[in-house]
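> predicted structure and sequence below. I'll ask about it afterward.
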Amino acid sequence: MQKRILVIDNDQDILEVIETALTMENYSVETTPIVDDIFEMINDKKPDLILIDYLLYGINGGELCHMIKSDPTTSHLPVIIFSGYPKVIQSLGTYECDAFISKPFDLNNFMEIIKECLSKNSSADFSSFN
């Protein structure tokens, strides 16, 4: 069965690149630039993994990640935060994310992190993804 990945980023170009890359790897991909209710979205899309850009409209990706990881019904979901501002995430903490990917990213490394997070389906050692 195809793994489902939800990608949240307010940059349409990034969404298209990630969707294409993940689809080519045989993942089912849902993308969105805006999140009104993350729990409603998770319930509707039923992702196996969530990729969140750190800088979003109205809320940062770290806050979304923290909400997901703090709720017992969604805390098991692997969450990867990605950003063009890696020092921000390093200074503010991991938000309990399973991995962090710096933009711009190497596509092969990106795919390896996705596969590792999906296979573990639990918290990874954050430091190994910097």
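Looks like it arrived, so ask away. Numbers count the residues shown, from 1 in each chain.
> mean pLDDT per helix and strand in the chain: which one sits at the bottom?
Ranked by mean pLDDT, DSSP states H and E, the weakest helix or strand in the chain is helix 86-92, scoring a mean of 68.
> so what secondary structure elements neighbour whatever helix or strand comes next after it?
Next helix or strand after helix 86-92 toward the C-terminus (DSSP states H and E): strand 99-102. Other helices and strands packing on strand 99-102, by 3 or more Cβ pairs under 8 Å, 6 or more residues apart in numbering; DSSP states H and E, are strand 79-83, helix 86-92, helix 107-120. Placement of C-beta: from N, CA and C, glycine included.
> quick one: distance of the longest one to the chain centre.
Going by Cα atoms, centre = their mean, to the nearest Å, the spacing between the C-alpha centre of helix 107-120 and its chain's C-alpha centre is 11 Å.
> tell me the mean pLDDT for that helix?
Averaging pLDDT along helix 107-120 gives 93.
> could you list the buried residues of that helix?
For helix 107-120, the neighbour count (16 or more other Cβ atoms under 10 Å) marks 110-111, 113-114, 116-117 as buried.
> packing partners for it?
Against helix 107-120 (3+ Cβ pairs under 8 Å, 6+ apart) you get helix 12-24, strand 49-53, strand 79-83, strand 99-102.
> 10 Å instead, please
strand 4-8, helix 12-24, strand 49-53, strand 79-83, strand 99-102 (3 or more Cβ pairs under 10 Å, 6 or more residues apart in numbering; DSSP states H and E).
> mean pLDDT lowest for which of these?
Note on the helices and strands packed on helix 107-120: lowest mean pLDDT is at strand 99-102, with a mean of 88.
> list the pairing partners of it within its sheet, with orientation.
strand 79-83 (parallel) (DSSP bridges).
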